[in-house]
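Q: Fold the following and give me the result.
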Amino acid sequence: MDATTDKEPLVQEQIYEALCVLGEAEPEEILHSCDEYLRQHDKLAYPHRVIILKAMETVVRNNIDLLDKSTAKDVIWEWQQAASNVLVAVGQRFINKVMEEVLTKFQPGILPHYFVLQTFANLSVSNGE
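A: Next up is the predicted model:
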């Protein structure tokens with residue numbers, strides 16, 4: 001997964017595809033490996049983090065019926081946390097665009113998802129002056 005930091009888009013695409021292929025054979029193993037990698041590399045730049053998150057999303061979508069309930073719950077929480085972190089990182093440069101997107105998640109009369117609120121909070125902290 002260290003190769004995700006390669007600047008060459010073709011290499012990044014190959015890493016994504018390799019993770020997806022491995023995820024077809026061993027979805028829980030790949031999801032846990034990706035999760036562990038993201039935890040160990042919490043300073044990984046957001047474009048590289050996105051590659052791993054996209055692979056995780058694809059593995060989950062393609063194998064949802066095969067996943068153990070506890071794995072799915074843990075992975076979804078971690079995936080949402082990582083996605084929130086990506087939005088916060090992007091928001092340090094493009095705050096208006098990120099806020100515009102996150103605001104679409106607010107619906108009248110419906111409580112917003114936990115991670116929407118957490119993302120707003122982290123955006124305000126990271127962009128406070």
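Q: Poorly predicted segments of the chain, please.
A: Within the chain, the stretches with pLDDT under 70 are 3-4, 72-75, 129.
Q: Okay, buried residues for the helix or strand hosting residue 18 please.
A: Taking DSSP states H and E as the definition, residue 18 sits inside helix 9-25. Buried residues in helix 9-25, defined by neighbour count with 16 or more other C-beta atoms under 10 Å: 12, 15-16, 19-20, 22-23. The C-beta positions use only the backbone N, C-alpha and C, and glycine is treated the same way.
Q: Mind giving me the packing neighbours of that helix?
A: helix 27-40, helix 46-63 (3 or more C-beta pairs under 8 Å, 6 or more residues apart in numbering; DSSP states H and E).
Q: what's downstream of the last one, the next helix or strand?
A: I take that to be helix 46-63. helix 69-91.
Q: After that following helix, which helix or strand is next?
A: Once the chain leaves helix 69-91, the next helix or strand it forms, by DSSP H and E, is helix 95-103.
Q: Show residues contacting that following helix.
A: If you take C-beta atoms under 8 Å, 6 or more residues apart in numbering as the criterion, helix 95-103 is touched by 87-88, 90-91, 116, 119-120, 123, 127.
Q: could the helices and strands packed on helix 9-25 go into a markdown table alongside mean neighbour count?
A: Listed next are the helices and strands packed on helix 9-25 as a markdown table, based on neighbours: other C-beta atoms under 10 Å:
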| stretch | mean neighbour count |
| --- | --- |
| helix 27-40 | 17 |
| helix 46-63 | 18 |
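Q: Using a markdown table, please lay out the buried residues of helix 9-25 together with distance to residue 101.
A: Supplementary listing: the buried residues of helix 9-25 in a markdown table, determined by distance: C-beta to C-beta, whole Å:
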| residue | distance to residue 101 |
| --- | --- |
| 12 | 23 |
| 15 | 26 |
| 16 | 22 |
| 19 | 25 |
| 20 | 25 |
| 22 | 31 |
| 23 | 27 |
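Q: Need the outlier residue of this structure, farthest from its centre.
A: residue 109 (27.3 Å; C-alpha atoms, centre = their mean).
Q: before we move on, back to that, give me the distance from the helix holding residue 18 to the chain's centre.
A: Using C-alpha atoms, centre = their mean, to the nearest Å, the mean C-alpha position of helix 9-25 is found 16 Å from that of the whole chain.
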